[in-house]
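[1] I need the structure of the sequence given here:
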Amino acid sequence: MSRVCQITGKKTISGNNISHSNRKTKRKFLPNLHKHTFYLFNQKKKITLLVSKKGLSIIDKMGIESALLYKNIKGK
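    Predicted structure coming up:
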């Protein structure tokens, strides 16, 4: 499973480690993802999503149902 937020779409990006002598080696910047279970009241079921911290704050502001409609994710 790829490390992608299911609400915001954030994913792993690449960059460089830069040493004191200015050598550059490749590295990955991983998103701050958490597996979280939400309860959908209108469908009366639980869904588990892999969301970033930013995605959690979006869900707190909009609510889970409207956030899922916004990103067009179906409750599984």
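
[2] What strand or helix carries the residue of the chain most remote from its centre?
    Distance from the C-alpha centroid of the chain, by Cα atoms, centre = their mean, peaks at residue 21 (35.0 Å). Using DSSP states H and E, residue 21 sits in no helix or strand.

[3] what does the model give it for pLDDT?
    Model confidence at residue 21, given as pLDDT, is 98.

[4] For this structure, give me the ranges with low pLDDT.
    Low-confidence segments of the chain, defined by pLDDT under 70: 1, 73-76.

[5] Looking at this structure, which helix is longest?
    What stands out as the longest helix in the chain, according to DSSP state H, is helix 53-62.

[6] hang on, residue 66 in a strand?
    No. Assigned with DSSP: H, G, I helix; E, B strand; the rest coil, residue 66 falls outside any strand and is helix.

[7] what's the spacing between it and residue 27?
    In this view, residue 66 and residue 27 are 36 Å apart by Cβ to Cβ, to the nearest Å. Bear in mind the C-beta positions are built from the backbone N, C-alpha and C, glycine included.

[8] Kindly report the same for residue 9.
    Between residue 9 and residue 27 the computed distance is 21 Å (Cβ to Cβ).

[9] same check, this time on residue 39
    Residue 39 sits 38 Å away from residue 27, going by Cβ to Cβ.

[10] and if you look at residue 52?
    Residue 52 sits 19 Å away from residue 27, going by Cβ to Cβ.

[11] now residue 36, what's its secondary structure?
    Per three-state DSSP, the secondary structure class of residue 36 is strand.

[12] Number the chain from 30, please
    I'll keep to 30 as the first residue from here, and by that count the last item is residue 65.

[13] burial of it, as a residue count?
    By other Cβ atoms under 10 Å, 15 other residues sit near residue 65.
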